[in-house]
Every structure is written in C-alpha cells, then in structure tokens.
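**Student:** Sequence below, structure please.
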Amino acid sequence: MKLLMLLSRIPYPLEKGDKLRAYHQLRYLSQFCEVHLCCLNDAGTVPGAEEALKPFCKSITIIPLKRRNVLWNLSKALFTGLPMQVGYFYNCAAHKEISLLINEISPDHIYCQLLRVAKYVKGVDIPKTIDYQDVFSKGYERQAHNRSWFSKPVFYREARLLKKYEERIFPWFDHHCIISEPDRQELSFSGKDRVEIIHNGVDMEYFVPVEHVKDTDILFTGNMNYPPNVMGAEYLVKQILPLVRKSLPGVKVMIAGANPSQRVLSLASENIIVTGWMDDIRPAFARSRVFVAPMTIGTGLQNKLLEAMSMKIPCITSPLANAALKAEAGIDISVCDSPDEYAASVIDLLGHPEKTLQQTNHAYEFVKGHYSWEAETRKLFQLMQAVR
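**Tutor:** Predicted structure coming up:
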C-alpha cells in the first residue's frame, strides 16, 4: 500500500503526545506500506528531524506555516465559524501544495492525524482514515471550567465549534479511529460506534527498568506548557505536597518535561526541581520512587503512565486518567480523587517497599499485555485495508 500520512506537526522530537503517537505509528506502518510523510510545521527548523524520520519514509514533505499566514487564518476562522484548532493549521497555499503532492504520489490511502488537517483532503476521491486521537471539544470544555472570566467564553466557544466540526468531518472519511473508549463515548454524534479504538503503546525495549540511586521521591512528567499538565503540576505542589510533608517533611519532587510555563517554573524551590526539556526522560524515572499524575482535566491516554509502568515505577493517578488506561486500581496502580487520598497513597508507597514492588510488577505485566505499538499499529493498518 502506498500511504500518504498527513500530520499537523513534524513527529520529532517526541515531546508531545500527538508526535509520539505519529512517530511510532509511522515506524510500524513503514513495515507494511510505502509511506510518504507530509507535515505542517509552525516551529521553524527542527534539528535532526529528517534524519530521524528518513528510515521509515519514501519521501518527506514539510510545509512551513508562516506566522503572518497563521494570524490571518485565525482571523478568518473567527468570522467563518471554523474552530481555532482548524484555522491555525489551515491555509490556501498549504492546501495547493498538498493537492499537488497527492496528484504526484497517487497514494492508495491517506491517513490524517487530528481534525486539524481534515480540510486539506475534503472531497479527495481516495480512501481516507482520520485519527481523532482525542476529543478536542471535550478537552476545551474541561479547560474552560478553570479559565479566567476573560478567557472562559473563548474556550466554551471553541468547544462548541469543535463539537460541530468533529461531526461535520465524519462523512469525509472512510475510516475513523480514536485513542480510548472514554474518548469515543465523548463524541456527540450518531455513528460514533464506527470509530475504532487504536490505543497508544509503549516502547518496552526503550523504557526498561534500571537500577539507580533514588534521589527523588515524587516525579511528574509531560509537556509542561500544556494546560492539563500545568494544572497537574500545580495540584501536586500546592495541594498534595503540603499534606505529604506533614509526615515526610524532606520529600523531594521533580517536575520534568519540555517548555515549562511560567506557572510551572514558579513552583521550583529547594526540594522541588523543574528540569525543562530532557533529551532522555528515562533517568528521571529511574531516579524516582513514586510517579504521580494528578490529571484533573484533559483527554486521551497518558503516555507518561505507560512509560513509568514500563520502568517499574509505582504510579498514582486520577479516575479521569485511569478511565482511558483501564489499569486495575489497587493492583496495577493507585487511583485517587482528592489531595488527602493522593497524600496517603504517596506516604503508603514510600513507606512500604514490598507493596511497591508488588504493584510495579503487576503494572509492568499490564502494559506488556495491553499496550504494544506493534499490535495497535497492525490494527490501524487492518482498519485502513478494510472495505467501507
């Protein structure tokens, strides 16, 4: 199969969830397909990207999104009723280039990641698959609850427009997929039962358990400019940590991940390290005794939990995050719904090494059995081959 893979970002480096998903899907799809990769790019030069992606691609096309065009198209979106998530990534010049590329390649199938790029292939008479990945509309709705009075209407408006757009693009595609069952249930239109669940995986040959001095008690990782992660970091430091310190006053915390916002940077103190981007996140896991992901908003599957479990770091998270993960609470993972519950779980795991070992062993077997990139991407390839 000759496959055109259309993405809203270059899937490298792997500091964001959509890039991680696209990179590993590309890696395994290249075993079954001749892959032609086309990426929009709003980030300027990305060192090492083409070298990292070349082994999996027959061709790579990168289409820059110039700032002046982005601002103009965001302005147009305000007046045409397009979601900002679409307006930001769409422009006519890019559309022409993608149309020329489709004519030149003549792909057997087009795979689009995220609704951001759906408009580029509307009406193209080639079998197509859309990966909704997350339910963007629900993500914006959840974020709106925690926004200031000034920005709250903007987020609610975007949520409404995205909800309509998620339904609008559905008939443009032959096949559809999404990351988890809770995300599929959040889709609001009839026919959502035809959206297939394609989970993320974890590279268990990369994220392996290693012996290391444990000089960090609590770890939280992620793209630290992404609002759900910013809120998670604040929740950890401001609400959970003071309760933990009543029993363990010297507890040390690491917040690791790319692009920390000013709100995250301001959390740093003597026993709280904010690392920023790390070329290799594995040492952060290896140094830590407990991984805490107190996600209160957001959608999708938390890759950070898969990575921690694969490295046999005990995990504590929210019911929201575990609804997508589907680990067994109290066996594979600790699930908490209040600062008091989180603090009690942290203290319990830090104080009982045997219990911690038991949980990490269960968690490791859980991700090994349920979250394989190879198996999930094979499901995706079979979906693309299916007759509508």
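**Student:** For this structure, give me the ranges with low pLDDT.
**Tutor:** Residue ranges of the chain with pLDDT under 70: 388.
**Student:** Is the closest residue in space to Lys368 that isn't next to it in sequence in a helix, a strand, or coil?
**Tutor:** Beyond its immediate neighbours in the sequence, the residue positioned closest to Lys368 (CB to CB, 6 or more residues apart in numbering) is Met204, lying 6.3 Å away. Every C-beta, even on glycine, is put in place using the N, C-alpha and C of the backbone. When classified by DSSP: H, G, I helix; E, B strand; the rest coil, Met204 comes out as coil.
**Student:** mind listing what Met204 touches?
**Tutor:** Going by CB atoms under 8 Å, 6 or more residues apart in numbering, Met204 touches Ser310, Val367, Lys368.
**Student:** are any of those buried, and which?
**Tutor:** Among these, those that count as buried by neighbour count (16 or more other CB atoms under 10 Å) are Ser310, Val367.
**Student:** so which of the contacts of Met204 would you say is closest to Gln31?
**Tutor:** Lys368 (20.6 Å; CB to CB).
**Student:** How many neighbouring residues does the residue lying closest to Arg142 once chain neighbours are set aside have?
**Tutor:** Counting by CB to CB, 6+ apart, Ile297 is the residue found nearest to Arg142 once chain neighbours are left out, at 4.0 Å. Using other CB atoms under 10 Å, the number of residues around Ile297 comes to 20.
**Student:** pretty sure Ile297 contacts Met231?
**Tutor:** Yes. Using CB atoms under 8 Å as the test, Ile297 is close enough to Met231 to be in contact (6.2 Å).
**Student:** can I assume Ala343 sits in a helix?
**Tutor:** Yes. Counting by three-state DSSP, Ala343 is part of a helix.
**Student:** how much space between Trp72 and Asn91?
**Tutor:** 8 Å (CB to CB, to the nearest Å).
**Student:** Same check on Asn322?
**Tutor:** 39 Å.
**Student:** For these two, work out which one has more neighbours and name it.
**Tutor:** Looking at Asn322 and Asn91 with other CB under 10 Å, you find the greater number of neighbours at Asn322, namely 23 against 20.
**Student:** Could you pull out the buried residues of the helix or strand containing that one?
**Tutor:** Under DSSP states H and E, the secondary-structure element containing Asn322 is helix 319-325. By 16+ other CB under 10 Å, the buried positions in helix 319-325 come out as Leu320, Ala321, Asn322, Ala324, Leu325.
**Student:** sorry, back to before: let me know the closest of the contacts of Met204 to Asp134.
**Tutor:** Of all the contacts of Met204, Val367 has the smallest distance to Asp134: 19.9 Å, by CB to CB.
**Student:** Which stretches in the chain count as strands?
**Tutor:** Per DSSP state E, the chain has strands spanning 2-7, 34-41, 59-64, 109-113, 128-133, 175-178, 196-197, 216-221, 253-256, 272-276, 288-293, 315-317, 334-335. These are given in chain order.
**Student:** Please dump the ones you listed into a markdown table; it should also carry mean neighbour count and distance to Phe381 for every row.
**Tutor:** Rendered in a markdown table, the data for the strands of the chain read as follows (neighbours: other CB atoms under 10 Å; distance: least, CB to CB, whole Å):
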| stretch | mean neighbour count | distance to Phe381 |
| --- | --- | --- |
| strand 2-7 | 24 | 9 |
| strand 34-41 | 22 | 11 |
| strand 59-64 | 16 | 19 |
| strand 109-113 | 25 | 10 |
| strand 128-133 | 24 | 10 |
| strand 175-178 | 22 | 11 |
| strand 196-197 | 16 | 12 |
| strand 216-221 | 25 | 30 |
| strand 253-256 | 24 | 33 |
| strand 272-276 | 17 | 37 |
| strand 288-293 | 24 | 30 |
| strand 315-317 | 27 | 30 |
| strand 334-335 | 22 | 33 |
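**Student:** Make TSV out of those strands and add distance to Glu167.
**Tutor:** Compiled in TSV, those are given as follows (distance: least, CB to CB, whole Å):
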stretch	distance to Glu167
strand 2-7	21
strand 34-41	23
strand 59-64	27
strand 109-113	16
strand 128-133	11
strand 175-178	11
strand 196-197	17
strand 216-221	34
strand 253-256	37
strand 272-276	39
strand 288-293	31
strand 315-317	30
strand 334-335	32
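**Student:** Out of the ones you listed, which is closest to Tyr120?
**Tutor:** For those, proximity to Tyr120 was assessed by CB to CB; strand 2-7 is nearest, at 6.5 Å.
**Student:** So what touches the closest one?
**Tutor:** Applying CB under 8 Å, 6+ apart, the set of residues contacting strand 2-7 from outside is 18, 22, 26, 29, 33-40, 98, 101-102, 105-114, 117, 120-121, 384.
**Student:** Run the chain-centre distance for that strand.
**Tutor:** 20 Å (CA atoms, centre = their mean, to the nearest Å).
**Student:** now swap in stretch 324-332 and tell me
**Tutor:** Averaging C-alpha coordinates over stretch 324-332 and over its chain gives two centres that are 19 Å apart (CA atoms, centre = their mean).
**Student:** need the helices for the stretch 251-388 of the chain, in chain order.
**Tutor:** Counting by DSSP state H, counting those that start in this stretch, residue ranges of the helices within the stretch 251-388 of the chain are 262-265, 282-286, 303-310, 319-325, 339-351, 353-370, 373-385.
**Student:** And for the stretch 51-200 of the chain?
**Tutor:** Using DSSP H, counting those that start in this stretch, the helices assigned to the stretch 51-200 of the chain run over residues 67-80, 84-89, 92-105, 136-145, 152-168, 181-186.
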